[in-house]
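Novice: Quick one: sequence and predicted model below, then my questions.
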Number of protein chains: 2
Amino acid sequence: MSDVARLAGVSIKTVSRVVNDEPAVHPDTAERVMAAIEQLGFRRNLGARNLRRGSTTGTIGLIVEDVGNPFYSELNRAVERIATSFGRQVLTGSSEENSDRERELVLEFCARRVDGILVVPAGLQHGYLVPEMRAGTPVVFIDRPAGDIVADTVLVDNLGGTIEAVTHLAQHGHRRIAFLGDSPDIFTAAERLRGFREGCVRNGISYDESLVSMGTPTPESIGSAVKRLLDGPDAATAVIAGNNRVAVHLLRALAHAERRPAMVGFDDFELADLLDPPVTVVAHDVSALGHAAAELLFARVQGDQSPPRKVVLPVHLVARGSGEVAP
Amino acid sequence: MSDVARLAGVSIKTVSRVVNDEPAVHPDTAERVMAAIEQLGFRRNLGARNLRRGSTTGTIGLIVEDVGNPFYSELNRAVERIATSFGRQVLTGSSEENSDRERELVLEFCARRVDGILVVPAGLQHGYLVPEMRAGTPVVFIDRPAGDIVADTVLVDNLGGTIEAVTHLAQHGHRRIAFLGDSPDIFTAAERLRGFREGCVRNGISYDESLVSMGTPTPESIGSAVKRLLDGPDAATAVIAGNNRVAVHLLRALAHAERRPAMVGFDDFELADLLDPPVTVVAHDVSALGHAAAELLFARVQGDQSPPRKVVLPVHLVARGSGEVAP
DNA sequence: GGTCACTATGACAACGTTGTCTCCTCCGGG
DNA sequence: CCCGGAGGAGACAACGTTGTCATAGTGACC
């Protein structure tokens, strides 16, 4: 900036005025300064600016499990959209379902003085956030609640959705329904399992623990669960996939099976309607999840001091065919 | 920091020494300082640190068309992985295929003094980057080359891949092959069209422009293209989808068609193997694309001054069935 | 002609850090 | 007892900006 000032024959303050479009600069002077800026390729250092002004940095942090997972990338996109409308930029990070990594990312973002943080939490301990939140960094939890603190949270109706899935299958005559979920350490997985149990009760089906398989989904884990639960005389006639990744592995495992059970997935996914049979899912609006969370965050950024809010978004069953297969 | 210093009864310089793990601090003093840091919830301001040290900011920028598109989110993930291994964080942005937006994002990133920028360019004019690059911000272009400047670029073999697709279809007896591509303003779309033409020539098929449809893919545009190209006595017996989005819309348009032409897609996508028939694609390693670009960028960040490089990654045809349908 | 308001500009400090230099104290060796 | 050296700590400036205040010049008005 001082180079520009020297070249234009003015003080750096005048350069500052020009780049900030402040009034009270003579047009001729402004033009000289602009020319110097152009010639030198000067670009104002936002870091220094933010430091001096003590203002916001114009960035927010987004932490998800994996930015490459279509579910989270859609979320990312929705968040980015809102952030852009508020003139903010987004720092992203993948926690890889590791709470240490999550913590590291959050603290790094705080050190960068992001204006706020959106996080799909990996762990259950969030005490480390208390000082940061007290220091004025708003945090909104997405898809899963904070472990041990109260904070703004946006969730989907995991319980109701799974109950609906069970009911749908029951209405089509299924009494032996299997549930394949992600690791029970994950809030949504635990909650959906709870919904499964509750759904069984409501539909007069005795809850059979031997028809449940929980754990991080891999092709192998899902493959063996399929063998165990869907083969033999006592096999389940229907199966619920606890999330989009379980569903994908399940579909692959079932592709070459002799008997195809009825199936309902939690989370919609691309091409579900083009499979054979088309996959019935409990769908929710991922964009709405991101929008709601980001809107809430920016309300906080702009000073909303009301008590922490908990938003639960609705889900709806999209019947496409795979859930209507008879037992 | 001065609060911490006051509470610990030391100078701020000593606090600085403690947070930077500098030697020559008495253990007792360090402990007092740590306690004060803990008590006050102090977190060092990275912006100020970077300003003072004149060092790198520890961030890189990534600009893609749409972070929500699975193709780009996989790229994002790969880039993040490398960035993490270099201790950097990633600022992401979606250009929405709009060159003004791309420019805006790039300049904003530069103002934030990112250490480098990875960009899937939207437009063809990149002169605006010259001052930034001269000022020392390395830029690597991904998936598409820069318009009017020389710069590091990582591409995939669009030409070869499409030729391979045509050849595959020709080997299965097809002579009337349609090509549905994205907007010809996009480098990859234009290049793949060129490959299509070249593939026709090499396989002794007369290139028929009336079998080509280019444009931003929407359900409607692809639907009408399908009607035009794949219906009637002169209909094509096979079709090549120019990218993953064209493929998805095409599959949906074909789902209820009477005659299903043979099909090959460019870009692999999840569940392609589970459709009926499984979709044959020209696949490429998106992670490798991101890795290569990020590795190249960090080499530049670390001072590599060699002439701009152009990397072209190989593609390979994955025959799954949809390309082997007889005419 | 003097005062006043206003325009255009600059000097300087400060944002939160860290690099450099300096100072003080304590210890061991001669 | 003096001196050199090492360890520990602080004062100060600087990074690139911008907010505050001061200053000089220019008309307009009484």
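Specialist: Nice, thanks for sending it over. Values in this document were obtained by computation on a predicted structure and should not be read as measured data. Numbers count the residues shown, from 1 in each chain, chains lettered A, B, ... in the order given.

Novice: Kindly report the residues of chain A close to DNA strand C.
Specialist: Applying CB under 7 Å from any atom of the strand, we find that chain A lies next to DNA strand C at A:9-14, A:17, A:23-26, A:28-30, A:48, A:51-52, A:54. Every residue, glycine included, has its C-beta placed from N, CA and C.

Novice: Narrow those to those in helices?
Specialist: A:12-14, A:17, A:28-30, A:48, A:51-52 (DSSP state H).

Novice: For these, pick the one with the most neighbours.
Specialist: A:Thr14 (21 neighbours; other CB atoms under 10 Å in any protein chain shown).

Novice: so it touches A:Ala36, yeah?
Specialist: No: judged on CB atoms under 8 Å, A:Thr14 makes no contact with A:Ala36 at a distance of 10.7 Å.

Novice: between the two, what contacts are shared?
Specialist: A:5, A:8 (CB atoms under 8 Å, 6 or more residues apart in numbering or on different chains).

Novice: closest point of chain A to DNA strand D, which residue?
Specialist: A:Met1 (2.9 Å; CB to the nearest atom of the strand).

Novice: I'd say that residue and A:Arg17 touch.
Specialist: No: A:Met1 is beyond contact range of A:Arg17, at 11.4 Å (criterion: CB under 8 Å).

Novice: before we move on, back to that, so which of the residues of chain A next to DNA strand C also contact DNA strand D?
Specialist: When contact is defined as CB under 7 Å from any atom of the strand, the residues of chain A next to DNA strand C meet DNA strand D at A:12-13, A:48, A:51-52.

Novice: Next, give me the two most distant ones among those.
Specialist: A:Lys13 and A:Leu51 (17.1 Å; CB to CB).

Novice: that older thread, biggest separation within the ones in helices among the residues of chain A next to DNA strand C, which pair?
Specialist: Between any two of these (CB to CB), the greatest distance is 31.6 Å, for A:Asp28 and A:Leu51.

Novice: what's the distance between A:Ala326 and A:His174?
Specialist: 9 Å (CB to CB, to the nearest Å).

Novice: Overlap of the contact sets of these two?
Specialist: With CB under 8 Å, 6+ apart, A:Ala326 and A:His174 have common neighbours A:Ala262.

Novice: who's more crowded, the two?
Specialist: A:His174 (24 against 9).

Novice: Contact partners for the closest residue to the more buried one other than its chain neighbours?
Specialist: Of all residues beyond its chain neighbours, the one nearest A:His174 is A:Ala238 (4.0 Å), with distances taken as CB to CB, 6 or more residues apart in numbering or on different chains. Residues in contact with A:Ala238, defined by CB under 8 Å, 6+ apart, are A:169, A:172, A:174, A:176-178, A:261-264, A:323, A:325, A:327.

Novice: cool, A:Leu169 as well?
Specialist: A:177, A:238, A:240, A:262, A:264, A:323.

Novice: what pairs with the second one across the strands?
Specialist: Meaning A:Ala238. A:Ile177, A:Ala262 (DSSP bridges).

Novice: pLDDT and distance to A:Gly160 for the contacts of A:Ala238 - can I get that in CSV?
Specialist: Supplementary listing: those in CSV, determined by pLDDT from 0 to 100; distance: CB to CB, whole Å:
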residue, pLDDT, distance to A:Gly160
A:Leu169, 97, 15
A:His172, 96, 19
A:His174, 96, 19
A:Arg176, 95, 23
A:Ile177, 96, 17
A:Ala178, 97, 20
A:Pro261, 94, 23
A:Ala262, 96, 20
A:Met263, 97, 19
A:Val264, 98, 14
A:Gly323, 93, 16
A:Val325, 89, 23
A:Pro327, 85, 24
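
Novice: any idea which of the residues you listed is closest to A:Pro138?
Specialist: A:Val264 (36.5 Å).

Novice: how far is the helix or strand containing the closest one from where the chain is centred?
Specialist: Using DSSP states H and E, A:Val264 maps to strand A:262-266. Between the centre of strand A:262-266 and the centre of its chain there are 22 Å (CA atoms, centre = their mean, to the nearest Å).

Novice: okay, the helix or strand that comes right after it in CSV with CA atoms only?
Specialist: Scanning forward in sequence from strand A:262-266 by DSSP H and E, the next helix or strand is strand A:280-283. The C-alpha trace of strand A:280-283 is given here as CSV (Å, rounded to 0.1, in the frame of the first residue of the first chain):
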residue,chain,number,x,y,z
THR,A,280,-38.5,-46.5,-1.4
VAL,A,281,-36.9,-44.1,1.0
VAL,A,282,-37.5,-41.9,4.0
ALA,A,283,-36.4,-38.7,2.4
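
Novice: quick one: contacts for A:Arg77?
Specialist: A:Arg77 neighbours (CB under 8 Å, 6+ apart): A:287, A:290, B:66-68, B:94.

Novice: Which residue is the nearest non-sequential neighbour of A:Val25?
Specialist: That would be A:Arg17: by CB to CB, 6+ apart, it lies 5.0 Å from A:Val25.

Novice: just the strands in the stretch 201-327 of chain A please.
Specialist: A:212-214, A:238-241, A:262-266, A:280-283, A:310-313, A:316-318 (DSSP state E, counting those that start in this stretch).

Novice: Buried deepest among those, which one?
Specialist: strand A:238-241 (a mean of 30; mean count of other CB atoms under 10 Å in any protein chain shown).

Novice: could you dump that one to CSV, C-alpha only?
Specialist: The C-alpha trace of strand A:238-241 is given here as CSV (Å, rounded to 0.1, in the frame of the first residue of the first chain):
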residue,chain,number,x,y,z
ALA,A,238,-38.0,-56.8,4.6
VAL,A,239,-35.0,-54.7,5.5
ILE,A,240,-34.5,-51.1,6.5
ALA,A,241,-31.2,-49.4,5.6
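
Novice: I'd like the average pLDDT over that strand.
Specialist: Average pLDDT, strand A:238-241: 97.

Novice: and the stretch 51-200 of chain A, which residues reach chain B?
Specialist: A:51, A:57, A:59, A:66-70, A:72-74, A:76-78, A:80, A:89-94, A:107-113, A:131-132, A:134-135 (CB under 8 Å from any CB of the partner chain).
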